[in-house]
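[1] sequence unknown, structure follows:
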């Protein structure tokens, strides 16, 4: 995720490949949108010369950009290229056109906005799912009081200071990288810089810098929980965002696909990216491995007397609450529920403190991120459905495909449907 107030990252490299004609027009369109929506381009990996040539001198009219996007889509459909590239580009450009429709003043219903931006069918999760998970947590959480009170108290015992978190990061990252190397070759990947930051609407963010390098920022406004650090760093680093960005940079630098000279927010690529990241920890740790790593390495370094087995069970119940924020976004943007009521909803079903609920609401209400919130649980569910129909021995190979190749959500859904059809009853 990115900060809408922070300018796009630019690869600090020279000798970038020239952009192919489709990639050039795709980037020109993205730079036009960026002028209206700061933060839309999450990273630019091309040359300074191309950026200077593609950035508009004046604020372009959304209607003009929309016409250009339609022309580019026609070019893509006529492109003599494999179906995967044309499908990928078509879904990306359709998302860009949706952003431009809103910029041009069209009233796009929220659910349609999410669908068109991300190539998914958003839906609300029945609250009975949340109630069942909370009932499970009632049995799992120690102490007395309401489930929410006990959840907050249970988390608090794992809270660590930023200074301690930095020490834990130094233990966790090498372990994650070693495990990720069992899936993909990381010899080409560069360094990851970790920074502690404040006043952000997210808990962690990967800024990809090009040349296989990233800066990962952790938000100290929110509590940093030791039991969540492996998941957070797997999500942002290995084998999550950093690994994917470093591998897919090569689609541009090696294979010449100009559309990968930049990374865009609010497009289908984000669903795939967040799906990869939300599966990252479980892809490299079995539950038993995770228990062992926390007990033998992480918690002694943090001075915490944890209960990893209970944590795994609690984590499984909490996983059922992952779509609470999606429901909250539908309440806010589709049903026009007040911010106070949505905040209370996040506290009730997200089992969060008032401060945590405020931070989540800030993210959901942000103009850049209002639709993005669906990418996390929708991305996880999309990939989980595909993994579930594959033989267990093929799941890591499928994950490698996601990390290294052009893929988009409806393509994954089609692969899943085909695998289901091919599976004998």
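    Happy to help now that I have it. Computed from a predicted structure; not experimentally measured. Numbering: from 1, shown residues only.
[2] quick one: the residue of the chain most remote from its centre from residue 159, how far?
    The C-alpha centroid of the chain is most remote from residue 144, which lies 35.3 Å away (Cα atoms, centre = their mean). Using Cβ to Cβ, to the nearest Å, we find residue 144 at a distance of 20 Å from residue 159. C-beta coordinates here come from the backbone N, C-alpha and C atoms, glycine included.
[3] longest single helix anywhere in the chain?
    Counting by DSSP state H, the longest helix found in the chain is helix 83-103.
[4] And that one, how far out from the chain middle?
    The chain centre lies 18 Å from the centre of helix 83-103; the measure is Cα atoms, centre = their mean, to the nearest Å.
[5] Just the buried positions in it, please.
    Using 16 or more other Cβ atoms under 10 Å as the test for burial, helix 83-103 gives 85-103.
[6] List the beta-bridge partners for the nearest residue to residue 262 once chain neighbours are set aside.
    In this structure, residue 262 finds its nearest non-sequential neighbour in residue 44, 5.0 Å apart by Cβ to Cβ, 6 or more residues apart in numbering. Counting by DSSP bridges, residue 44 is bridged to residue 10, residue 262.
[7] Residue 44 - how many residues pack around it?
    Residue 44 has 26 neighbours, counted by other Cβ atoms under 10 Å.
[8] looking at it, it is touching residue 264, isn't it?
    No. With contacts counted by Cβ atoms under 8 Å, residue 44 stays clear of residue 264, the gap being 10.3 Å.
[9] which residues do those two both contact?
    Here residue 44 and residue 264 have no joint contacts, going by Cβ atoms under 8 Å, 6 or more residues apart in numbering.
[10] helix or strand right after whichever helix or strand residue 402 is part of?
    Assigned by DSSP states H and E, residue 402 falls within helix 395-404. Remark: after helix 395-404, the chain's next helix or strand is helix 409-422, criterion DSSP H and E.
[11] Quick one: mean pLDDT for that next one?
    Average pLDDT, helix 409-422: 92.
[12] how about the strands in the stretch 151-300 of the chain?
    Ranges of strands in the stretch 151-300 of the chain, per DSSP state E, counting those that start in this stretch, are 159-160, 192-197, 204-210, 213-219, 224-225, 262-264.
[13] The spatially closest residue to residue 326 that is not a sequence neighbour and residue 153: what is the separation?
    Excluding the flanking residues, the one nearest residue 326 by Cβ to Cβ, 6+ apart is residue 374, at 5.3 Å. In this view, residue 374 and residue 153 are 30 Å apart by Cβ to Cβ.
[14] So the two - more neighbours on which side?
    More crowded of residue 374 and residue 153, by other Cβ under 10 Å: residue 374, with 25 against 14.
[15] Give me the pLDDT value at that one.
    Predicted confidence (pLDDT) for residue 374: 97.
[16] Same check on residue 2?
    What the model reports for residue 2 is a pLDDT of 36.
[17] Same check on the one 10 residues further on?
    Residue 12 is assigned a pLDDT of 45 by the prediction.
[18] how about the most centrally placed residue in the chain, what does it touch?
    The residue lying closest to the centre of the chain (Cα atoms, centre = their mean) is residue 274, at 2.9 Å. By Cβ under 8 Å, 6+ apart, the residues touching residue 274 are 375, 376, 379, 380.
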